[in-house]
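Chemist: Build me a model from this:
(2 chains)
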Protein chains: 2
Amino acid sequence: MANSIYRASVLQSQLLFRPSLSNKHSVRKKSSLLCIASSQFNPIRSEVSFCIGTHLIPHPNKVDRGGEDAFFVSNINGGVIAVADGVSGWAERNVDPSLFSKELMANASSLVGDLEVNYDPRILIRKAHAATSSTGSATAIVAMLEKNGTLKVASVGDCGLRVIRKGQMIFSTTPQEHYFDCPYQLSSELIGQTYLDAVVSSVELVEGDIIVMGSDGLFDNVFDGEIVSTLARHSDVMEAAKALANLASNHSMDSRFESPYSLEARSKGFDVPFWKKILGMKLTGGKLDDITVIVGQVVTSPAAASLNQVQMEEAGSGDTRGLL
Amino acid sequence: MANSIYRASVLQSQLLFRPSLSNKHSVRKKSSLLCIASSQFNPIRSEVSFCIGTHLIPHPNKVDRGGEDAFFVSNINGGVIAVADGVSGWAERNVDPSLFSKELMANASSLVGDLEVNYDPRILIRKAHAATSSTGSATAIVAMLEKNGTLKVASVGDCGLRVIRKGQMIFSTTPQEHYFDCPYQLSSELIGQTYLDAVVSSVELVEGDIIVMGSDGLFDNVFDGEIVSTLARHSDVMEAAKALANLASNHSMDSRFESPYSLEARSKGFDVPFWKKILGMKLTGGKLDDITVIVGQVVTSPAAASLNQVQMEEAGSGDTRGLL
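Modeler: Next comes the predicted model:
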C-alpha cells in the first residue's frame, strides 16, 4: 500500500548545469573538470556525454606519495570514469599499496579504446588487471557512458557509484566484501578476485542526471542523503566533487560522527569495550582514508559542444597531477 | 583504503537449488512455484532461466478482496516477473484501489510477448499502462531475464528488487517518491507518472543468483540483511518467498519493531508527540500493508529442463488465484 495519490506535478531538477573551467590546485588536494563532447554530431538523435569534475584528498598520513587511490577519466564514446583503491594491508609486507592501484588505472586508461575491450567495462578490468605487474591489490570500479544514455558499470569491491535524478537517488551500486573491511579485490596474487567476480550492471541516464563515483573513503564517511543535499547546493560539477570530498574528509576526522562506517562496524558486532558501554559510550567516528570523488553530469552533445570544452584523458596518479 | 588483503578463497554459495512442486493454499495467503525452462536448447552456449516462487499476504483489513497488490510471472524468454501495488488513497474517493493494479498486471501479462514490446520492460509498462482503463494508480516494477543472463528492470515508484549472490546482496533498486509515503505512480489521471519516469537498469546474473522482487510491504518491513539471512535458511524458492512474506507480515504487526519504514519516517521528521519523547518513547513499528514476494533463482537451461517443470503464465489477481 502506497498511501498517497500524487496530486502535484513533479518538481523540476534543482541541479542546473553551470560549467566552470576554473581549476585550483593545492599540495594535498587534486581537483579537476572535464567536459566531454561527443566527437560526432547526429542531428537526427541527440547524444549524451559527461561533464566531469574530480577531487582527491589523500589520507593525512599518505600525502607525500599522493595516497593509494587512483582514477582516470576519458572522453571515449560518451565518457569513461574509473577509480581504484589500493589495499593498505600491503604496507605490512613492505609493499607500497599505491603502486598496484596506480598501475591498474594507468593500464585501464591506455586500454580504454582497445578494440577487444569493445566498450565493455568488465573486459577493460580484465585487460587492465592482466597488464598490471606491480605487487599488491586494489578494489576497482569502471563506468562507461554510451551516447544513447546507457551507463555500463563493472565493480570489484567497495568503490561505488550513485545516480541522482531530479534531486533523488535512483541508482546505487552495492559493495562486495569477504568480511568487514576486507573487500573483493583485484590482486597480483592468484587468490584474489578477477573480472569474473565483478558485478556488472547498467542504468539508463537522461540529460541532467548526476553520477557520483568514489572510493570507500567517500561512501564510508558520507551518507547517501548527504550526497544528495550536497549536490543540491553545488551546480558546478567540480565544486560538487570538491564539496563532497571535503565533507568526507571532515567526517573522517570527527571522532564523534556516526558515520556509515561506524554504523556498519557496530552492525557487524564491533564496538567499544564493555566498560565504556556502561558509561553510555559507543563506537563512533569517521574513517581516515584516501578520498576520491568523481562527479559527472549528463549533457546532450549540442550543449556540451557549446562549452569551451576540455578534452583530455587522465590516469589519476601522482605523476600526472599537473594535468588535472 | 581497504584494509585487509584477502587471504582465503571465496565461500561457495550456501543457497542450493532444491525445487519443490508442492503447492499450498489458504484463504489469505497465495503461494506458488514456477520453474521456467528455455524453450530452445543451445548446446553451444548455456542459457539461463528462472525458478520462481511467489507468496502474497493481503493487508489484514483487505483480505476479502485479496488486497491491492497484483503480480504476474511468465516464461517468455528467460522469465518475466512483475509486481504492482495499488495506491490505497483512492479508497477515500470510493474507488477500489485494487482495480488499477490488477488490470495493469493483467494487461502486462497479455502484452509480455508483444512484438512492439520487444522484450523491453519499459515498453511493456508503457503499453500495459495505456491499455488500463480502470480509475486509480499503482506503483509497478517489471524484470525480464534474457537467456544470456541479463536481467532488465524498469520501475516506477517503490516496489523493489534485490539480487543476492553467494550470500551477499550485490544489486538493489532504489525507490522513487515525491515525498514520504507518496511514491511515483502510474495513474489513470494525467498528473501521474508514465513509463518515461521509470528507472531502467540491468544487471548481469549468473547461475545460482537469487532475485527477490516485492511490493513495499516487503521492503518497508524487512531489512536487506534479514532478506539475505532468510534466504540462507530456505533453499526452496517457494519456501523462501513464504518465509520472507511471513517475516514481513510479523514485523508489520509488531508495534515495537524498528522497521525500515519507522526509521525512514523518523529520518523525514515524523515522530511521536513531544510528551511521549520526554518519556523516552519514539516512533517504532512495522507498516500494515499488502505483502507480495517473488523469489527467483537463476538456473541453466539443462538443469531447468531436468525438472518436472511447470510452465505457466499468471496475472496475480484474485480471478486467477486458483492457478497458483
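
Chemist: low pLDDT regions in the stretch 51-200 of chain A?
Modeler: Within the stretch 51-200 of chain A, no stretch has pLDDT under 70.

Chemist: Could I get the full set of strands for it?
Modeler: Counting by DSSP state E, counting those that start in this stretch, the stretch 51-200 of chain A has strands at residues A:69-74, A:80-86, A:137-145, A:150-156, A:160-165, A:168-173, A:177-179, A:182-183, A:186-187, A:199-204.

Chemist: Kindly report the same for the stretch 201-324 of chain A.
Modeler: Per DSSP E, counting those that start in this stretch, the stretch 201-324 of chain A carries strands over the ranges A:210-214, A:291-300, A:314-315.

Chemist: between the ones you listed, which gets nearest to residue B:56?
Modeler: Smallest distance to residue B:56 across those (Cβ to Cβ): 36.1 Å, for strand A:210-214. Where you see a C-beta, it was placed from the backbone N, CA and C, and this is true even at glycine.

Chemist: what does the stretch 51-200 of chain A put close to chain B?
Modeler: A:59, A:68, A:85-90, A:97, A:137, A:139, A:157-158, A:165, A:168-172, A:174, A:176-179, A:181-185, A:187, A:191-193, A:197, A:199-200 (Cβ under 8 Å from any Cβ of the partner chain).

Chemist: mind redoing it with 6 Å?
Modeler: A:85, A:87-89, A:139, A:169-172, A:174, A:178, A:181-183, A:185, A:192, A:199-200 (Cβ under 6 Å from any Cβ of the partner chain).

Chemist: neighbours around whatever residue of the stretch 51-200 of chain A ends up closest to chain B, how many?
Modeler: Ranked by Cβ to the nearest Cβ, the top residue of the stretch 51-200 of chain A for proximity to chain B is residue A:182, at 3.5 Å. Neighbour count of residue A:182, defined by other Cβ atoms under 10 Å in any protein chain shown: 19.

Chemist: Dig out what it forms beta bridges with.
Modeler: residue A:179 (DSSP bridges).

Chemist: Touching, it and residue B:4? I think so.
Modeler: Yes - using Cβ atoms under 6 Å, residue A:182 is in contact with residue B:4, at 3.5 Å.

Chemist: Would you mind measuring from residue A:257 to residue B:241?
Modeler: 39 Å (Cβ to Cβ, to the nearest Å).

Chemist: Name the residue in these two with the higher neighbour count.
Modeler: Taking neighbours as other Cβ under 10 Å, residue A:257 and residue B:241 compare with residue B:241 leading, 30 against 17.

Chemist: wait, what's in contact with the more buried one?
Modeler: Applying Cβ atoms under 6 Å, 6 or more residues apart in numbering or on different chains, one finds that residue B:241 lies in contact with B:53-55, B:293, B:295.

Chemist: And the residue of the stretch 1-150 of chain A that's closest to chain B?
Modeler: Closest point on the stretch 1-150 of chain A to chain B, by Cβ to the nearest Cβ, is residue A:4, at 3.5 Å.

Chemist: what kind of secondary structure is that residue in?
Modeler: coil (DSSP: H, G, I helix; E, B strand; the rest coil).

Chemist: That one: how many residues sit nearby?
Modeler: Per other Cβ under 10 Å, the neighbour tally for residue A:4 reads 17.

Chemist: Am I right that it is in contact with residue B:88?
Modeler: No - look at residue A:4 against residue B:88 with Cβ under 6 Å: they stay out of range, at 8.8 Å.

Chemist: sorry, back to before: looking at the strands of the stretch 51-200 of chain A, which is closest to residue B:245?
Modeler: strand A:168-173 (25.1 Å).

Chemist: quick one: buried residues of the closest one?
Modeler: For strand A:168-173, a neighbour-count test (16 or more other Cβ atoms under 10 Å in any protein chain shown) marks A:168-173 as buried.

Chemist: Would you mind writing the CA trace of it as PDB?
Modeler: Written as PDB, here are the backbone C-alpha positions of strand A:168-173 (Å, rounded to 0.1, in the frame of the first residue of the first chain):
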ATOM      1  CA  GLN A 168      16.600  11.900  -5.800                       C
ATOM      2  CA  MET A 169      19.000   9.000  -5.700                       C
ATOM      3  CA  ILE A 170      17.700   6.500  -8.300                       C
ATOM      4  CA  PHE A 171      20.600   4.000  -8.600                       C
ATOM      5  CA  SER A 172      23.300   2.800  -6.400                       C
ATOM      6  CA  THR A 173      25.900   0.100  -6.600                       C
END
